[in-house]
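Student: model the structure of this input:
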Amino acid sequence: MESKVDIESIIFKLNVAMDFNWLYKDPELDLTKLAAHLGVSYSVLSKVIKSYYGLGFRAYINQLRIDKLLEIISSFNTILSIEQSMKISGFKSRVTFFNAFKSRTGMSFTIYWKANNLPKKNELPIFYAVDDQT
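Tutor: Reported below is the predicted structural model:
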């Protein structure tokens, strides 16, 4: 396993890639692509994510995507359509989106919307729009 300094460096790069470069929005993002972006091997990145977050890569990225979507919903006190929610958070599969959302929140997307009495909005705020060049 990597040293503590190496792990912290990888986690820092990972957080920058997700929080500032919005790599989680890429529906084609996989462990190999992310590892290449961070300049580490996919096996090292997999071990770091597992040891630091206690999750495999897929579970980590799906959880992160839902957390980012929930931040947007909370910030704007609104909910987007399922398609817009999937697009803004990087999901390409409705099934994966629904499963990840329910796993993270304990309820379905529709129940969450109704339980929080959120108005529906059909457009993304301009700065959250997905760049098709990701």
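Student: so in the protein, which helix runs the longest?
Tutor: For the chain, the longest helix by residue count, based on DSSP state H, is helix 57-76.
Student: please enumerate residues in contact with that one?
Tutor: With contacts defined as CB atoms under 8 Å, 6 or more residues apart in numbering, helix 57-76 is touched by 18, 24, 29-31, 34, 45-46, 49, 53, 55, 79-80, 85, 88-91, 96, 100-101, 103-105, 116, 118, 121, 125, 128. The way it works is simple: take the backbone N, C-alpha and C, and place the C-beta from them, glycine included.
Student: pLDDT below threshold where in the chain?
Tutor: For the chain, applying pLDDT under 70 flags the ranges 1-2, 5, 118-134.
Student: can you give me the helices for it?
Tutor: Under DSSP H, the chain gives helices at 4-19, 31-38, 42-53, 57-76, 82-89, 94-105, 109-115.
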